[in-house]
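Undergrad: Sequence first, predicted model second:
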Amino acid sequence: KAGVTQTPRYLIKTRGQQVTLSCSPISGHRSVSWYQQTPGQGLQFLFEYFSETQRNKGNFPGRFSGRQFSNSRSEMNVSTLELGDSALYLCASSLVGGSSSGANVLTFGAGSRLTVL
Amino acid sequence: AQKVTQAQTEISVVEKEDVTLDCVYETRDTTYYLFWYKQPPSGELVFLIRRNSFDEQNEISGRYSWNFQKSTSSFNFTITASQVVDSAVYFCALSEAPAFNKFYFGSGTKLNVKP
């Protein structure tokens, strides 16, 4: 069974550019969550999508956005990149959204490491 | 305020030593979940255990064991007879109703197991 696949694994951008990261969840998983990991702030929740709808959102500026497609694949976009956006962006999937029957085990991908110069 | 505190930034042990990783959480919810994840150098977070707030039973899985104490808001993780392959960063996480898939992670504890 394939795991969570994130692309690209590494990318370098310059300030002011935008970036799109992709996440393919485990087959059958309908919920996708995104997390940002930095040395200073640690792991922080960005947002969660379930059935193409954003279910929860973390405390990030509007430059951070995402979407989910009908096949559960998800993308996140960061516009007008800043140096502080340099981070490992982790995607996680679970069978269902986490607002009904309790917390699900999140299966994480290997991440997309973004460097902003 | 930090919802999950892992006070140990880095721990170094020699192989075969036992080691305990501490996790203290803060929540006002009566329904919540606690998790431990392992992050090897490859970057992928690997699930280790999930506990809900109604289940204080300790758990043992091979060399791993977890001690959940609601009275002290702690969910500690012990590795018995550590091995070099246990070297990684370990994260404790909390999720609360109703946004159960929104995890609050601790800052992580880097475990170095030396041969």
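TA: Okay, I see it. Residues are numbered from 1 along each chain as shown, chains lettered A, B, ... in the order given.
Undergrad: List, one by one, the residues from chain A near chain B.
TA: Applying Cβ under 8 Å from any Cβ of the partner chain, we find that chain A lies next to chain B at A:31, A:33, A:35, A:42-45, A:48, A:55-56, A:58, A:88, A:90, A:92, A:94, A:97-99, A:102-111, A:113. The C-beta positions use only the backbone N, C-alpha and C, and glycine is treated the same way.
Undergrad: okay, now residue B:52: neighbour count?
TA: Neighbour count of residue B:52, defined by other Cβ atoms under 10 Å in any protein chain shown: 14.
Undergrad: actually residue B:7, sorry about that
TA: 11.
Undergrad: For residue A:92, which residues count as its bridge partners?
TA: residue A:33, residue A:108 (DSSP bridges).
Undergrad: which residues does it contact?
TA: For residue A:92, the contact set (Cβ atoms under 8 Å, 6 or more residues apart in numbering or on different chains) comprises A:4, A:32, A:33, A:34, A:35, A:106, A:107, A:108, A:109, B:45.
Undergrad: Quick one: residues contacting the fourth one.
TA: What that stands for is residue A:34. If a contact means Cβ under 8 Å, 6+ apart, then residue A:34 has A:23, A:45, A:46, A:47, A:48, A:66, A:74, A:76, A:89, A:90, A:91, A:92 as its contacts.
Undergrad: name the element the fourth one belongs to?
TA: Secondary structure here is read from DSSP states H and E; on that basis residue A:47 sits in strand A:42-50.
Undergrad: Tell me if I'm right that residue B:83 and residue B:113 touch.
TA: Yes: if you go by Cβ atoms under 8 Å, residue B:83 and residue B:113 touch, sitting 6.3 Å apart.
Undergrad: Need the overlap of contacts for those two.
TA: residue B:15.
Undergrad: and the helix or strand hosting residue A:88, how far from the chain's centre?
TA: Secondary structure from DSSP H and E places residue A:88 in strand A:87-94. Put simply, strand A:87-94 sits 5 Å off its chain's centre (Cα atoms, centre = their mean, to the nearest Å).
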